[in-house]
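Any chance you can model this:
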Amino acid sequence: MKALPKKILLSMMDGISAPLVSTCFGNFCPIFMIHRVYEGGNGGHGHSTAYLSQCLQHLRAKKYNIFSLAELAQLIELKEEVPKRSVVFTTDDGFIDQAQLGGALFSQYDAPMTFFLISSFLDRQIWPWDDQVKYIINSTKRSSIDTFYPSGDRLNVNLAFTQRERKTVYELIWSTLKKQTQSRVYDWLPKLFDAAEVEPPGKIPDDYLPMQWSDAQKLINDGHSVAPHTKTHRILSQLDDSDSRSEILGSIETLANRLNGASNLFAYPTGRAIDYGSREIDVLKNAGIQAAVSTTAGAVGASSPQFELPRYPLPTNLNTFIQYLGAFEFLRSRWG
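Numbering: from 1, shown residues only. Model prediction:
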């Protein structure tokens, strides 16, 4: 094997504890997260269908096992060894491009993917708060915004930047909101629209459209998995007991009522270790959920915590993706 770049190996180790390495690296499976999917050339956000096709072609050519998350969760539940050279793909939220572009492409390669859905988003009752913030920052013509967060803390940001540089401003507001109580976040958004002098759209903009429930059912019929991702995508640890429970159980119930064959899996909104806790895990267990995924980096194997399965963001180019796979094989050879 060619020498792997140090930064790739270090990124593989990020978030992986020594005990996890020793128990999981005999055989393990990385879970990759895909966000948005687009067609065409430059300018899209997320992953292009051309790039995803290259990834899938590489995996098939190298005879990797592309598992569904449900299959991986079953192995973990039974404490059975994960087959070598295995990968899993997931995607969160329920955007239309994820189903109509991502799902269709993965079906072409007979590759299952798990889709985690925000139930009220598909019902078109809400437009996820974090995407509304992104829309406001990208749309405002103001050079600054001066208002207050739901907590009462001052929000004062300079927007005299390019659209690319505004991403940093969005991430600042997004990360601050995640640390605050989430009970009032949707009620607060009109204040941000007003402070930014952005007219709230009458309907969800085309760039942020959710899939239809019929799209979700087709995904299941085509061999993919569809599972809950809360009702409104609020950070569970920043809600009281009642609201956290309602977010989880409401999404489970809606998917059960709307779909034939929804999976008993779950994804925590934003998925950091501080975004959920034992309270949420207990609710999931009592609701009959089999496993849940986070966004913490790490390898998944027979001894992985069933309700805190780690995931990696899918790299943005083929060379890096191949290097990641090579790093997994290298680490397995060292600790297997």
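
Could you spell out which stretches of the protein belong to which domain?
6-124+209-335, 129-196 (automatic domain parsing).

Comparing those, which stretch has the densest surroundings?
Of the domains of the chain, the one with the most neighbours on average (mean count of other Cβ atoms under 10 Å) is domain 6-124+209-335, at a mean of 19. All C-beta spots, glycine's among them, are computed from the backbone N, C-alpha and C.

Pick out the shakiest of the domains of the chain, pLDDT-wise.
Note on these: domain 6-124+209-335 shows the lowest mean pLDDT, a mean of 89.

Tell me who's in contact with A99.
F115, M211, D215, A216, K218, L219 (Cβ atoms under 8 Å, 6 or more residues apart in numbering).

go on, S68?
V88, P112, M113, T114, H224, S225.

Might one say that L219 is in contact with W213?
No: between L219 and W213 there is no contact under Cβ atoms under 8 Å: 10.6 Å.

A302 sits in which helix or strand?
Assigned by DSSP states H and E, A302 falls within no helix or strand.

measure it to I136 for me?
45 Å (Cβ to Cβ, to the nearest Å).

Show the residue spans covered by the helices in the stretch 151-300 of the chain.
163-178, 185-196, 213-221, 241-258, 278-286 (DSSP state H, counting those that start in this stretch).

just the angle between the last one and helix 241-258, please?
Okay, so that is helix 278-286. Relative orientation of helix 278-286 versus helix 241-258 (axes from the mean of the first three to the mean of the last three Cα atoms, to 10 degrees): 30 degrees.

then helix 278-286 to PDB, C-alphas only?
Output of helix 278-286 as PDB, limited to C-alpha atoms (Å, rounded to 0.1, in the frame of the first residue of the first chain):
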ATOM      1  CA  SER A 278     -29.100   9.200  28.400                       C
ATOM      2  CA  ARG A 279     -32.600  10.700  28.600                       C
ATOM      3  CA  GLU A 280     -32.900  10.500  24.800                       C
ATOM      4  CA  ILE A 281     -31.400   7.000  24.600                       C
ATOM      5  CA  ASP A 282     -33.900   5.700  27.200                       C
ATOM      6  CA  VAL A 283     -36.800   7.200  25.100                       C
ATOM      7  CA  LEU A 284     -35.500   5.500  22.000                       C
ATOM      8  CA  LYS A 285     -35.000   2.100  23.700                       C
ATOM      9  CA  ASN A 286     -38.500   2.200  25.200                       C
END
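
for it, packing partners?
Helix 278-286 is packed against helix 241-258, with contacts defined by 3 or more Cβ pairs under 8 Å, 6 or more residues apart in numbering; DSSP states H and E.

angle of the helix it packs on against helix 213-221?
Using the same axes, to 10 degrees: helix 241-258 against helix 213-221 is 70 degrees.

Spell out the residue ranges of the strands in the chain.
31-34, 37-38, 47-48, 65-67, 86-93, 114-117, 144-148, 154-158, 225-228, 265-267, 291-293, 312-313 (DSSP state E).

got those strands as TSV, with distance to T168 columns?
Output for the strands of the chain, formatted as TSV (distance: least, Cβ to Cβ, whole Å):
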stretch	distance to T168
strand 31-34	22
strand 37-38	22
strand 47-48	22
strand 65-67	35
strand 86-93	22
strand 114-117	27
strand 144-148	14
strand 154-158	10
strand 225-228	32
strand 265-267	26
strand 291-293	27
strand 312-313	18
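
Please determine how far P228 is located from T114.
11 Å.

ditto for D275
Look at D275 and T114: by Cβ to Cβ, they are 19 Å apart.

Please apply the same query to S304.
Using Cβ to Cβ, we find S304 at a distance of 16 Å from T114.

May I ask which two of the contacts of S68 are separated the most?
V88 and H224 (11.9 Å; Cβ to Cβ).

intersection of neighbour lists for these two?
S68, T114.

show me where the stretch 1-150 of the chain has helices.
Under DSSP H, counting those that start in this stretch, the stretch 1-150 of the chain gives helices at 6-13, 18-24, 49-61, 69-77, 96-97, 104-108, 119-122, 129-139.

which one of the ones you listed lies closest to R36?
So among the helices of the stretch 1-150 of the chain, helix 96-97 is nearest, using Cβ to Cβ, at 5.8 Å.
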